[in-house]
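> After the sequence you'll find the predicted model.
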Amino acid sequence: MKDRLFVLSDPADLLCVNASDGKILWKRGHTAAELGDGEGAQAGNAGGEHNPDGSAGGAASTPVSDGRNVFVMFANGIVSCHDLDGKRKWVRFIEKPKTGFGHACSPSLIGGKVIVQFQDVVALEAGTGKEAWRVKLRASHASAVATRVGEEDLIVHPSGSILRAADGKVLAENLFRLDQSSPVVHEGVIYAHENGKLKAFSLPPKAGEKLDVRSLWEVDSPRGQYQIASPVVHDGLVYGISLNGVWQVTEAKTGKEVYRQRLPFSSRVYASVHLAGENLFVTDQTGKTIVVRPGREYKEVAVNDLDYHPTSFAFAGKRMFVRTHRHFYCIGE
């Protein structure tokens, strides 16, 4: 099954694509009309399409898979699980989101649970879709990420809270506040790129009923623009990009700025920074991608243009996969 790609398409479709030639192997819809009675009826009765003031569309999130099943969520409040052959295991309507400019956060898979958020943080049993727990935390466009401390599976939430995956208990809170970019956990350290601040927190070796999270450092980052892209941590450095294209490289251990560079973009940067092979990839919403060599000095490797897309890339082997507004591309060897 390694040759299969899973991608979402508006308004609420899950597509399985053959990685070798781009052929669509199967497609499953998630609108109220397609689901019929039950979950579809609930979604249809919950109000109009989300969000009339936004441009994110209904399928901005990224699917997640455990290697046997694929889990997806859409802006109409529907979450589902399919096996790799397209057989639906379960489908649930959770609730309609209320975030402005559309819904964008993606599901996380940890400890046998699928973590989703439209309004509340909701944990669903991966095997059945049954709701395991629900916690009220501020919703945003950013996604929660999974980590592990000792023997405990934990969820690092963009609101700055850390939850226990087993029961949703909040073990730490008010560490940071992310509206668009997701936190990154690397070698026991959380990196959170707020608007105007980059913060680092050390996780303890074990998790109890409270989590002793220690602030390592906090430094200024480019102001005046939102921090939407999530950063990358690699070889002791943190690489981040602001909405208006300011590239910032920071020492992961100390928070000391290594260098800052305005990249030659003509539009906003929504997509996260990516590390693949020996290079870093950063792109603006027009589809211009700048390839940068990691390190303590700015070394531009290449500049490439594609059609309009504010989406992040996916990499597999020597290939890059990109979903734009009109096409799905495979680039590479």
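Received the coordinates, thanks.
> counting contacts, what elements does the helix or strand containing R92 pack onto?
For R92, the host element (DSSP states H and E) is strand 88-93. Other helices and strands packing on strand 88-93, by 3 or more C-beta pairs under 8 Å, 6 or more residues apart in numbering; DSSP states H and E, are helix 39-45, strand 78-83. For every residue, glycine as well, the C-beta is placed using N, CA and C.
> which stretch in these has the least confidence?
For the helices and strands packed on strand 88-93, the bottom mean pLDDT is recorded on helix 39-45, which sits at a mean of 58.
> contacting residues around the very next helix or strand once past that helix?
Of the helices and strands lying after helix 39-45 in sequence (DSSP H and E), the nearest is strand 64-65. Outside strand 64-65, the residues that touch it by C-beta atoms under 8 Å, 6 or more residues apart in numbering are 6, 70-71, 84, 106-109, 114.
> Paired strands for strand 64-65, with orientation please.
strand 69-73 (antiparallel) (DSSP bridges).
> what about the partner strand, distance to the chain center?
Using C-alpha atoms, centre = their mean, to the nearest Å, the distance from the centre of strand 69-73 to the centre of the chain it belongs to is 14 Å.
> again with stretch 102-117
9 Å.
> Export it to PDB, keeping only CA atoms.
In PDB, the C-alpha atoms belonging to stretch 102-117 read as follows (Å, rounded to 0.1, in the frame of the first residue of the first chain):
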ATOM      1  CA  GLY A 102     -12.500  28.900   7.400                       C
ATOM      2  CA  HIS A 103     -11.500  25.800   9.100                       C
ATOM      3  CA  ALA A 104      -7.900  24.500   8.700                       C
ATOM      4  CA  CYS A 105      -6.700  22.400  11.600                       C
ATOM      5  CA  SER A 106      -5.900  18.700  11.000                       C
ATOM      6  CA  PRO A 107      -6.600  15.500  13.000                       C
ATOM      7  CA  SER A 108      -3.900  14.000  15.100                       C
ATOM      8  CA  LEU A 109      -3.500  10.200  15.900                       C
ATOM      9  CA  ILE A 110      -2.100   9.200  19.300                       C
ATOM     10  CA  GLY A 111      -2.700   6.400  21.800                       C
ATOM     11  CA  GLY A 112      -5.400   4.800  19.700                       C
ATOM     12  CA  LYS A 113      -7.400   8.000  19.500                       C
ATOM     13  CA  VAL A 114      -8.100  10.500  16.800                       C
ATOM     14  CA  ILE A 115      -7.900  14.100  18.100                       C
ATOM     15  CA  VAL A 116     -10.000  16.700  16.300                       C
ATOM     16  CA  GLN A 117     -11.200  20.200  17.000                       C
END
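> List the buried residues in that stretch.
Neighbour-count burial for stretch 102-117 flags 102-111, 113-117 (criterion: 16 or more other C-beta atoms under 10 Å).
> Identify the farthest-apart pair in these.
Longest distance between any two of these is 28.8 Å, between G102 and G111; criterion C-beta to C-beta.
> how far away is N244 from D284?
Counting by C-beta to C-beta, to the nearest Å, the gap from N244 to D284 is 10 Å.
> Y239 sits in which helix or strand?
Counting by DSSP H and E, Y239 is part of strand 237-241.
> got it, and E34?
Assigned by DSSP H and E, E34 falls in helix 32-35.
> which helices and strands does that helix pack with?
By 3+ C-beta pairs under 8 Å, 6+ apart, helix 32-35 packs against helix 39-45.
> Give me the neighbour count for the residue lying closest to V292 once chain neighbours are set aside.
Distances taken as C-beta to C-beta, 6 or more residues apart in numbering put L280 closest to V292, at 4.6 Å, once the chain neighbours are dropped. For L280, the count of nearby residues is 23 (other C-beta atoms under 10 Å).
> Ramachandran angles for L280?
phi -110, psi 140 (degrees, to the nearest 10).
> for it, which residues make a bridge with it?
Under the criterion used (DSSP bridges), L280 bridges to L275, V292.
> Let me see the contact set for it.
Taking C-beta under 8 Å, 6+ apart, one finds 232, 234, 239, 273-274, 291-294 in contact with L280.
> Go through these and name the one nearest A32.
Looking across the contacts of L280 and measuring by C-beta to C-beta, the closest to A32 is H274, at 35.0 Å.
> Just give me the neighbour total for that closest one.
Neighbours of H274 (other C-beta under 10 Å): 21.
> wait, doesn't it sit right on V291?
No. Assessed by C-beta atoms under 8 Å, H274 is found out of contact with V291, at 10.0 Å.
> and for the two, which residues touch both?
280-281.
> Low-confidence regions, the stretch 51-200 of the chain specifically.
Counting by pLDDT under 70, the stretch 51-200 of the chain shows low-confidence ranges at 51-56.
> hmm, try it at 80
Regions of the stretch 51-200 of the chain meeting the criterion pLDDT under 80 cover residues 51-57, 99-102.
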